[in-house]
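Engineer: show me the folded form of this:
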Amino acid sequence: MQPVKSTVALSETMPSYQTTLIAPAGTYPWQILIRFYAPWGDGSLEGWQIPLTPPTVLVNDTAYSVDTTFSYQQNYMNGQPSPGYDQHEQCFTVFIGQTTALEEAMSITVSGEFQQVGYMSATLYYSSLNTPTLPIEVIDSEMTAIPDTANPYIAGNPSVFSNEYGVSGKIDLYRPDKVASLSILPDEVAEDGCSKGYLYANKDEGQEILILRIKVPQTFIHNATPDTVFGHYQCRELTVSAHPVYGLPQTLDFWSVSSRMLNDFIDDEGYAYVFFGPDDYVQQQVIEQQTVATRPPVMIWGNYTGYLLGDPSGSLIVRYRDPADNWVGNPANAVCYLDKASNQPVTTAELGEYLPELYGDTLANFLAGHIGDVIKDQAWPD
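Structural biologist: A predicted model of the protein is given here:
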């Protein structure tokens with residue numbers, strides 16, 4: 001299945017960067033060059049047009065002027081003669097011009113907000129008595145990011161074209177509380193007063209695409225040839241459903257994935273995956289795959305394959321029918337809380353590896369290759 005082509009949305013906020021260059025004592029620092037390659041935005045094949053936001057440069061805690069050396073708007077044709085500048089480069093210069101040898105090391109701090117570019121570097125040029133030009137260079141991936149885990153030039157991190165930084169996208173699942181188990185979901189109620197037949201989750205605002213990972217228990221109807229002799233099962237039936245807000249127009253003719261369907265794409269470790277997306281996006285997949293109206297389409301996304309359901313704008317519900325008392329994944333193993341105000345997320349300490357895991361993100365980030373901490377071509381996040 002081919003994903004729908006879409007323009008990746010540009011981010012509204014960026015992590016910040018900071019790096020410190022040290023000119024050794026006894027040397028003559030004379031300038032700093034900050035280079036940006038492949039800027040994105042209103043640039044074109046003819047070259048970049050609007051200057052990027054330059055960094056702030058402090059020399060021994062004193063702010064220095066940052067001048068535009070090369071851009072589309074300034075000395076553009078001067079970049080052509082050899083050795084010149086790249087046509088799609090922007091270069092900023094900080095002139096230091098030290099004429100006497102430093103008595104002690106000089107600290108130069110370059111900081112700012114990451115720009116939407118393909119590459120950035122900061123280089124200090126200095127000389128010594130023996131060498132006319134010596135460089136100290138730091139590239140973008142080596143700079144300190146703020147937040148410290150958000151450097152967009154480190155493999156596996158959201159890039160400068162992501163909408164979110166430092167946000168895992170993880171969504172908690174809950175067991176129905178006592179009040180809900182009496183008034184909303186009054187079945188499979190355990191001795192503690194809470195239903196053992198459900199886990200549920202509600203996505204956050206702005207999360208358009210979700211991925212659920214669930215370790216599939218032994219169920220009665222798990223494939224096209226159910227057991228002809230009834231046996232012992234960890235859970236008689238397990239399903240995953242996307243329920244829209246009550247009263248909204250219903251645009252899709254499907255909303256659930258059964259345990260048999262979960263087994264269709266189970267991985268080597270026994271996990272199955274279910275995707276959730278905007279109804280119009282899901283409907284487009286139905287059309288492309290020409291699926292039966294009441295059967296969800298299949299999403300193939302890097303390392304992960306599973307059925308694609310619509311938007312769980314009301315709630316995402318995992319239903320457990322007759323879970324075995326001795327099965328660790330039985331929702332009855334989770335704490336039973338009195339009401340919604342006191343309810344807390346279910347934990348792995350309670351359900352072990354059978355606790356479903358759920359992540360959400362924007363459609364743009366999904367098309368760019370990640371749903372929160374889940375990267376399409378990498379292993380599931382720890």
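Engineer: alpha carbons only: can I get the helix or strand bottoming out on mean pLDDT in the chain in PDB?
Structural biologist: Lowest on mean pLDDT, DSSP states H and E among the helices and strands of the chain sits strand 67-70, with a mean of 82. Extracted as PDB, the C-alpha positions of strand 67-70 are listed here (Å, rounded to 0.1, in the frame of the first residue of the first chain):
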ATOM      1  CA  ASP A  67      27.000  40.200   9.800                       C
ATOM      2  CA  THR A  68      25.400  38.600   6.700                       C
ATOM      3  CA  THR A  69      28.300  37.600   4.500                       C
ATOM      4  CA  PHE A  70      26.500  35.800   1.700                       C
END
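Engineer: check which residues of it are buried.
Structural biologist: 69, 70 (16 or more other Cβ atoms under 10 Å). All C-beta atoms are positioned from the backbone trio N, CA, C, and that covers glycine.
Engineer: ok, the closest residue to residue 316 other than its chain neighbours - contacts?
Structural biologist: Of all residues not flanking residue 316 in the chain, residue 201 sits nearest, at 4.6 Å (Cβ to Cβ, 6 or more residues apart in numbering). Residues in contact with residue 201 (Cβ atoms under 8 Å, 6 or more residues apart in numbering) are 171, 172, 173, 174, 312, 315, 316, 358.
Engineer: one more time with 10 Å
Structural biologist: By Cβ atoms under 10 Å, 6 or more residues apart in numbering, residue 201 lies in contact with 171-174, 210, 212, 312, 315-318, 345-346, 356, 358, 360.
Engineer: what segments of the stretch 201-350 of the chain are helices?
Structural biologist: In the stretch 201-350 of the chain, the helices defined using DSSP state H, counting those that start in this stretch lie at 259-262, 279-289, 348-351.
Engineer: buried deepest among those helices, which one?
Structural biologist: helix 259-262 (a mean of 20; mean count of other Cβ atoms under 10 Å).
Engineer: which other helices and strands contact that helix?
Structural biologist: strand 209-215, strand 235-243, strand 271-276, strand 304-309 (3 or more Cβ pairs under 10 Å, 6 or more residues apart in numbering; DSSP states H and E).
Engineer: adding mean neighbour count as columns, could you present those in JSON lines?
Structural biologist: What follows is the helices and strands packed on helix 259-262, written out as JSON lines (neighbours: other Cβ atoms under 10 Å):
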{"stretch": "strand 209-215", "mean neighbour count": "24"}
{"stretch": "strand 235-243", "mean neighbour count": "21"}
{"stretch": "strand 271-276", "mean neighbour count": "25"}
{"stretch": "strand 304-309", "mean neighbour count": "24"}
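Engineer: okay, the ones you listed in JSON lines with distance to residue 332 next?
Structural biologist: As requested, the helices and strands packed on helix 259-262 are exported to JSON lines (distance: least, Cβ to Cβ, whole Å):
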{"stretch": "strand 209-215", "distance to residue 332": "17"}
{"stretch": "strand 235-243", "distance to residue 332": "12"}
{"stretch": "strand 271-276", "distance to residue 332": "22"}
{"stretch": "strand 304-309", "distance to residue 332": "26"}
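Engineer: next, format the ones you listed as TSV and append distance to residue 119 and mean pLDDT.
Structural biologist: TSV is the format used below for these (distance: least, Cβ to Cβ, whole Å; pLDDT from 0 to 100):
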stretch	distance to residue 119	mean pLDDT
strand 209-215	29	98
strand 235-243	41	97
strand 271-276	33	99
strand 304-309	30	98
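Engineer: render the CA-only coordinates of stretch 129-145 in PDB, please.
Structural biologist: Extracted C-alpha coordinates of stretch 129-145, given in PDB (Å, rounded to 0.1, in the frame of the first residue of the first chain):
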ATOM      1  CA  LEU A 129      53.000  32.300  15.600                       C
ATOM      2  CA  ASN A 130      53.600  29.100  13.600                       C
ATOM      3  CA  THR A 131      50.400  28.700  11.600                       C
ATOM      4  CA  PRO A 132      48.500  31.500   9.800                       C
ATOM      5  CA  THR A 133      45.100  29.800   9.900                       C
ATOM      6  CA  LEU A 134      43.700  27.200  12.300                       C
ATOM      7  CA  PRO A 135      40.000  26.200  12.500                       C
ATOM      8  CA  ILE A 136      37.800  25.000  15.300                       C
ATOM      9  CA  GLU A 137      34.500  23.700  13.900                       C
ATOM     10  CA  VAL A 138      31.300  22.400  15.400                       C
ATOM     11  CA  ILE A 139      28.500  21.100  13.300                       C
ATOM     12  CA  ASP A 140      24.800  21.000  14.200                       C
ATOM     13  CA  SER A 141      24.700  17.400  15.500                       C
ATOM     14  CA  GLU A 142      27.500  18.200  18.000                       C
ATOM     15  CA  MET A 143      25.800  21.300  19.500                       C
ATOM     16  CA  THR A 144      24.000  21.200  22.800                       C
ATOM     17  CA  ALA A 145      20.200  21.200  22.300                       C
END
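Engineer: just the mean pLDDT for that stretch, thanks.
Structural biologist: Mean per-residue pLDDT for stretch 129-145: 88.
Engineer: what ranges does the stretch 1-150 of the chain have for its strands?
Structural biologist: 16-23, 28-37, 56-59, 62-64, 67-70, 89-95, 106-113, 119-127, 134-139, 144-146 (DSSP state E, counting those that start in this stretch).
Engineer: which of the ones you listed comes out lowest on mean pLDDT?
Structural biologist: Taking the mean pLDDT of those, strand 67-70 comes last: a mean of 82.
Engineer: now do stretch 57-64: everything it contacts.
Structural biologist: With Cβ under 10 Å, 6+ apart as the test, stretch 57-64 has contacts from 20-21, 23, 29, 32, 34, 56, 65-66, 92-96, 98, 104-112, 122.
Engineer: do that again at 7 Å, thanks
Structural biologist: 32, 56, 66, 94, 96, 106, 107, 108, 109, 110 (Cβ atoms under 7 Å, 6 or more residues apart in numbering).
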